[in-house]
Structure formats: C-alpha cells, structure tokens
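Engineer: Need a 3D model of the sequence below.
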Amino acid sequence: MKFGVVMDPIGSIKVYKDTTFAMLLEAQRRGWELSYMEQPDLFQRDGQSFAFMRPLQVYDDRNHWYDLGQESTHPLTALDVVFMRVDPPFNMEYVFSTYLLELAESQGVLIVNKPQGLRDANEKLFTTWFPQCMPPTLVTRRRHQLRQFLQEHKDIILKPLDSMGGASVFRLRTDDPNIGVVLETLTGFDVRSVMAQRYVPEIVHGDKRILLIDGEPVPYALARIAPPGETRANLAVGGKGRGVELSARDRWICEQVAPTLRDRGLLFVGLDVIGDYLTEINVTSPTCVRELDQIYGLNISAGLMDCVVTKVEGQRKSRASNG
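Structural biologist: Numbers count the residues shown, from 1 in each chain. Prediction:
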C-alpha cells in the first residue's frame, strides 16, 4: 500500500496527541510506503494532479519523531490512498486543494475524506441536517436576529463558521454589558454569518468527542472539561480530557448521522456532543485518537486502516471488472 498524507508541517506537531501522527505510525507498522506532502506541494499539469513528495519515516519519540527523504515529483495516481489532514481555516486555498485531490480521486486514488464531502460539510452548518439532534440553533449575519435569539433563550453560545479549537467562541447572557461589541465583532457589522446555539449547561460534564470510522462509532469518547473560569472545553484552550463510554443517546445520535456520512464519503469523522445535543461534525482533521488509545488501550488507527484496505481493494476489483 502506498500511503500519502497532506498535512500541516510535521515538525510543528505535538506527537503525544497528534491524530495524524497516530495514523502514520499505524500505516508504517503495516509496512506501507509513506509519502509526505503539504498543501503548497500539490499542483496540476495537463489534466493530472501531481505533488512534490518526500518519503517519510516516523518514530514514537518526542525528541525525534520523523525523517524526511529527498523531494521528488510524482502524480498522485502513484499512491493508493491520500489522507487530507490539514487543519482549518477552511479557506479558498483549502478548496483549491480539494479540487486537485478530487481529480486524483477520479483517476482511482482513495481520498480520505472525500474532497466533495470536505467542501460540502461545513463543520458547524452540517449539524443543521440533523435538527432532531441539535440544541436550538440560529445561523445569521444579522445582529437583530441574534439579539432576539438571546432574549428568547437568555444564555447562548456564539461562534464563527470557519474556525476551530474554540477560537472566537463567546457565551452571552442577557445581562452581559458587551452584547453590542461581541455581535459587531463576530458579524463584522452584519457581513459575516455566525452560529448561535442555546447554552447547554451539561458542558460542565464535558464536550464529548465521538469518533466514527465509516459511520461506526468508537465505543468510547473523550469528554473535554473546560478549565476554571473558561466556557470552552477545547483542548487547544486548556481543556482536560477524560474517557467516557458512549451513552444510549450518543449512540442514537451516531445512528442518525452515520448514513449521511457514508453517502458523502466521510470515512473518519469526529462528532462533538454536549449533554444530549450534537453541536459540531468535524470532517477536516478530527482529533483525540491518541488520548483515547492511551486511556483504553485501543488502536483506533488500526480500525481506520482496515477500512482503507477494504475500500482500496474494492476500488481495484471494480476497475478490474470494468477494464
């Protein structure tokens, strides 16, 4: 198996908690050939997608976790599978990268996650496809609607549609003296859309990250607990994770979402669940694999790579029967 990854610079990752690194370790353990790429390495020439690739070796060592070989140019079709694991922001350069990957996909390369699925499934807005799972939610760029929503629910969360790691997430209550400036900042005076959700008090028990592989949930979630004095539970802002078993409600939410994930080719997805409510569907670079592996003695990446093998072999058989 020839395994390619498009990721953020590997020299800057935190290996002890980086999910992409866990995937690379598992792929290498299987003897797969690893090729490393960053977004600027992708390009197209005469109807074919190429990349400046470097052979990669990885080591589970915080002091020396990778070696890169000499760069060379290859078509993406030289690979069996490419993982797109670049963190947001989801900007136009990201979209252009998905077009290049989609071209390779049309020529037989398995892309995880499917490029069209990445473009279509905004990690905030995608939840609106499952209203039965969500808290009361409003998406708008108009401040007067956000004020009305605040008056209705008294305590709300506001967040931009294109950020990650808790960036620019605000909690507002009706007695907050900064309502005006928060709404102005987030909407840019009614020119940027934001999401408002009723505050879910069960956040004190954790914002659960549930991982799904081809629609099947890992049986444990990482409940991220907000640090003292902080509303946000994201690990990026100091939240602490503890393992929890999936509840019956968690599994019901997964059942509601799974068929759509499969239909859209979203092979590896992270759901964010607070209390009984789905709040986000993470498709670009879901995390928390290493934390759950360590807590429960799992190897989540092994299940994912087994799924990749099944998909690649299925594609090969389909091409053989058609050719």
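
Engineer: what's the pLDDT at Met164?
Structural biologist: What the model reports as pLDDT for Met164 is 68.

Engineer: What mean pLDDT does the lengthiest strand in the chain get?
Structural biologist: Ranked by residue count and defined by DSSP state E, the top strand of the chain is strand 48-58. Over the span of strand 48-58, the pLDDT mean works out to 98.

Engineer: buried set for that strand?
Structural biologist: Neighbour counts over strand 48-58 (16 or more other CB atoms under 10 Å) mark 49-51, 53-54, 56, 58 as buried. Any C-beta I mention is one placed from the backbone N, CA and C, and that applies to glycine too.

Engineer: now for that strand, which elements pack on it?
Structural biologist: strand 2-7, helix 19-29, strand 33-37, strand 42-45, strand 66-68, strand 72-75, helix 92-106 (3 or more CB pairs under 8 Å, 6 or more residues apart in numbering; DSSP states H and E).

Engineer: which stretches of the stretch 51-200 of the chain form strands?
Structural biologist: Along the stretch 51-200 of the chain, the segments classed as strands by DSSP state E, counting those that start in this stretch run 66-68, 72-75, 81-85, 110-112, 137-140, 155-160, 170-173, 194-198.

Engineer: Apologies, that question was intended for the stretch 201-323 of the chain.
Structural biologist: Counting by DSSP E, counting those that start in this stretch, the stretch 201-323 of the chain has strands at residues 207-213, 216-217, 220-225, 240-245, 268-274, 277-282.

Engineer: coming back round to it: export the strands of the stretch 51-200 of the chain as TSV, with columns for mean neighbour count.
Structural biologist: Shown next, in TSV, are the strands of the stretch 51-200 of the chain (neighbours: other CB atoms under 10 Å):
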stretch	mean neighbour count
strand 66-68	14
strand 72-75	13
strand 81-85	23
strand 110-112	23
strand 137-140	18
strand 155-160	20
strand 170-173	17
strand 194-198	23
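
Engineer: For Arg290, which of those strands is the nearest?
Structural biologist: strand 81-85 (13.8 Å; CB to CB).

Engineer: mind giving me the domain ranges of this structure?
Structural biologist: Annotated domains of the chain cover 2-114+304-322, 136-199, 203-282 [automatic domain parsing].

Engineer: Compare the ones you listed and report which one is nearest to Cys288.
Structural biologist: domain 203-282 (4.4 Å).

Engineer: quick one on the thing from earlier: the helices and strands packed on strand 48-58: which one's closest to Asn299?
Structural biologist: helix 19-29 (6.8 Å).
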